[in-house]
Structure formats: structure tokens, C-alpha cells
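K.L.:
Sequence and computational prediction follow.
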Amino acid sequence: MTSEIQENTTETPLLPHPDSQQYAFFFDVDGTLAEIRDEPDAVSIPSDVRQHLQALFTASSGALALISGRPVEQLDQLVAPLILPAAGVHGAEMRDGEGQFHRVTLPAQMAKDVEQTLAAGMEKLPGTLLEVKGMAFALHYRQAMLHQQHVLELAESVVAKHPELVLQPGKCVIEIKPRGKDKGAAIYDFMQQPPFAGRLPVFVGDDLTDEKGFEVVNALNGISVKVGEGSSLAKYRVKHVRDVYQWLETLQRHASLSSSTTHTNTHTKELHS
């Protein structure tokens, strides 16, 4: 399943309004549902956006999931009080559509050795940040761009010693994660289970980590949406996170109108029966 990354994705006005009962919805978080910040802990999702997610989750009968590099615990905090299906750490953690939790783990000694190696290496690079996710590690250099190459070399040295791990470049971050886990695989797994099965997928993302997701969604004849600039496999494009917010609001209105129409038609039939 290979595709060539293209620049000619469609602009915002032509974004479709998929039927909430025929599609399954997947959203990246950082750079998609939330503005990117210098510090991962400074990220937030506005309350009205969380309300739109809740409405779309209800309208789609639960066929909505978050697909992120963040751990599921952090995703829950960002969308609280919502508890949504979610794939965290690029699919190494997953809460499925029925609420069951699945997690890939690394051998304890290996995880300890990797963390110690990375911590020692990053300490020598002022302004960088090591984020430990249990079975994965994120090496941030947004506030220390001069160390980009050194961060990459450090990550490569760790992966060279541990073939169970792979690199995942992102925006001002290099992640080290379990091999075989990515956002495309996570979306594919969701699409095999209720309430996602039998629908067409929609995936919105902004980063290199989302390209695997776009590839899977395109192969399933779904709707892939890239947020921001840069080459992408996505079929559609929006410029900013706020465009995603506007689209979510529109999807909610469409879902609410459809629900209202269905209720009215059902009530009318009851009156004439």
C-alpha cells in the first residue's frame, strides 16, 4: 500500500460534510484539535470544541476516536469530561470502541536502559526536552533548533542497539516507539471493530506521524484532511487549527439537523399510523 505524497490537496471551502451515521471519525490532537505549544503540558482544547466532539461522538453512535502520539491518559485530560475511544503513543496504547484497554510494553530493563541513555544525552543539549511515555520516548527540540542534528543522532544510536524500536520524526520532535505501531495501523484496527466497522473513515492530522493514517484512510476510500502546509498524502487540506474547529461546528450542525429531521419524520408517521 504505497502512495506518492502530493502538494495539490484541496482547500478548505471544498471540505465534505460526511454523514455521521455512515462515516467513522478520527482526529489527531496536537496541531489538529489543539494549537501546538512550546511545552507539551501547555496544550489545551477549547471547551466549545470538546462540546462539538461530544455531539459528533453521539451522532455517530460512538464512531469517533482520537489518534495521537500522546498517552491515552493525557488525551483523557485534554478532552475531559469526555471518555473517547483512543489510540495513544501511535497505537501502542488503545482504548477500543467497547472501552477495553490494550497496551504494548517494553522489557523493563530495556526501557530503563533506553531512558537512562536518552536522559544523559539530552542533558548535554540545553533547551531540549525528553518525554518518557513508558513504551516510547519523545525527544523535543522546538526551543533548541540548533541541536536538531544532535537529537537525531542520539535517537538513531538508541534504535541501532534495539531493533524492536523505530524512529518517528515529527514537528520539532524525534520519537522512538515500538516497531509496527503507527497511526495507520491504529485506524485500521479500529475499522475492524464496532462501532467503526462497516463505515468509511475520516482522518484529520497535521504532521509526518499522520501520513500513515492518511495512507490507510485513502486505501479504504475515506476522507483524509491535512492541517497546515507541506507535502501530504491527504486528499484535502485546511490551513489552520481554527479551520478544523469551524468544520467540527459545521459537522455538528449537520448531525443535529439530520437527527431533528429523522425525529420529525418518525413523529409524523406515528401521528398518521
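P.N.:
Thanks, I have it.
K.L.:
that's a helix at Leu154, yeah?
P.N.:
Yes - counting by DSSP: H, G, I helix; E, B strand; the rest coil, one finds Leu154 located in a helix.
K.L.:
For it, which non-adjacent residue is closest in space?
P.N.:
Gly121 (4.2 Å; C-beta to C-beta, 6 or more residues apart in numbering). Every C-beta, even on glycine, is put in place using the N, C-alpha and C of the backbone.
K.L.:
Flag every buried residue along the host helix or strand of that neighbour.
P.N.:
Assigned by DSSP states H and E, Gly121 falls within helix 108-123. The neighbour-count check on helix 108-123 (16 or more other C-beta atoms under 10 Å) flags Ala111, Val114, Glu115, Thr117, Leu118, Gly121, Met122 as buried.
K.L.:
who's Ile223 bridged to?
P.N.:
Note on Ile223: beta-bridge partners Val202, judged by DSSP bridges.
K.L.:
what's the answer for the one 4 residues further on, then?
P.N.:
Judged by DSSP bridges, the bridge partners of Val227 are Val238.
K.L.:
So for it, what's the pLDDT?
P.N.:
For Val227, the pLDDT comes out at 97.
K.L.:
go on, Lys133?
P.N.:
88.
K.L.:
Contact partners for it?
P.N.:
Arg70, Pro71, Val89 (C-beta atoms under 8 Å, 6 or more residues apart in numbering).
K.L.:
The last one contacts Lys183, correct?
P.N.:
No - here Val89 lies out of contact with Lys183, judged by C-beta atoms under 8 Å, at a distance of 10.4 Å.
K.L.:
Looking at the buried residues of helix 108-123, which is nearest Met135?
P.N.:
Closest approach to Met135 among the buried residues of helix 108-123 (C-beta to C-beta): Ala111, at 7.1 Å.
K.L.:
got the contact list for that closest one?
P.N.:
The contact partners of Ala111, by C-beta under 8 Å, 6+ apart, come to Gly134, Met135.
K.L.:
what's the answer for the one 4 residues further on, then?
P.N.:
Residues in contact with Glu115, defined by C-beta under 8 Å, 6+ apart, are Leu130, Val132, Phe137.
K.L.:
ok, now with 6 Å
P.N.:
Applying C-beta atoms under 6 Å, 6 or more residues apart in numbering, we find Glu115 in contact with Val132.
K.L.:
how much space between it and Val132?
P.N.:
Per C-beta to C-beta, to the nearest Å, Glu115 is found 6 Å from Val132.
K.L.:
cool, and Leu251?
P.N.:
Distance of Leu251 to Val132, computed by C-beta to C-beta: 36 Å.
K.L.:
Between these two, which has more neighbouring residues?
P.N.:
Neighbours per residue (other C-beta atoms under 10 Å) separate Leu251 from Val132, with Leu251 holding more: 25 against 14.
K.L.:
Find the nearest non-adjacent residue to that one, please.
P.N.:
Going by C-beta to C-beta, 6+ apart, Leu251 has Leu56 as its nearest residue, at 5.6 Å.
K.L.:
quick one: contacts of the helix or strand where the one you found lies?
P.N.:
According to DSSP H and E, Leu56 maps onto helix 47-59. Helix 47-59 is contacted by residues Ser20, Leu64, Val79, Leu82, Tyr245, Leu248, Glu249, Leu251, Gln252, Ala255 when judged by C-beta under 6 Å, 6+ apart.
K.L.:
follow-up on the earlier one: output the buried residues of helix 108-123 in TSV, with distance to Val159 and pLDDT appended to each entry.
P.N.:
Formatted as TSV, the buried residues of helix 108-123 follow (distance: C-beta to C-beta, whole Å; pLDDT from 0 to 100):
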residue	distance to Val159	pLDDT
Ala111	14	93
Val114	9	95
Glu115	14	95
Thr117	11	96
Leu118	11	96
Gly121	13	96
Met122	15	96
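K.L.:
For Ala197, state which of those is nearest.
P.N.:
Closest to Ala197, out of all of these and judged by C-beta to C-beta, is Ala111, at 33.7 Å.
K.L.:
what's the domain layout of this protein?
P.N.:
Domain assignment for the chain by automatic domain parsing gives 19-103+181-269, 108-178.
K.L.:
winner for burial among the ones you listed?
P.N.:
Mean neighbours per residue, mean count of other C-beta atoms under 10 Å, is largest over these for domain 19-103+181-269, with a mean of 19.
K.L.:
Much appreciated, bye for now.
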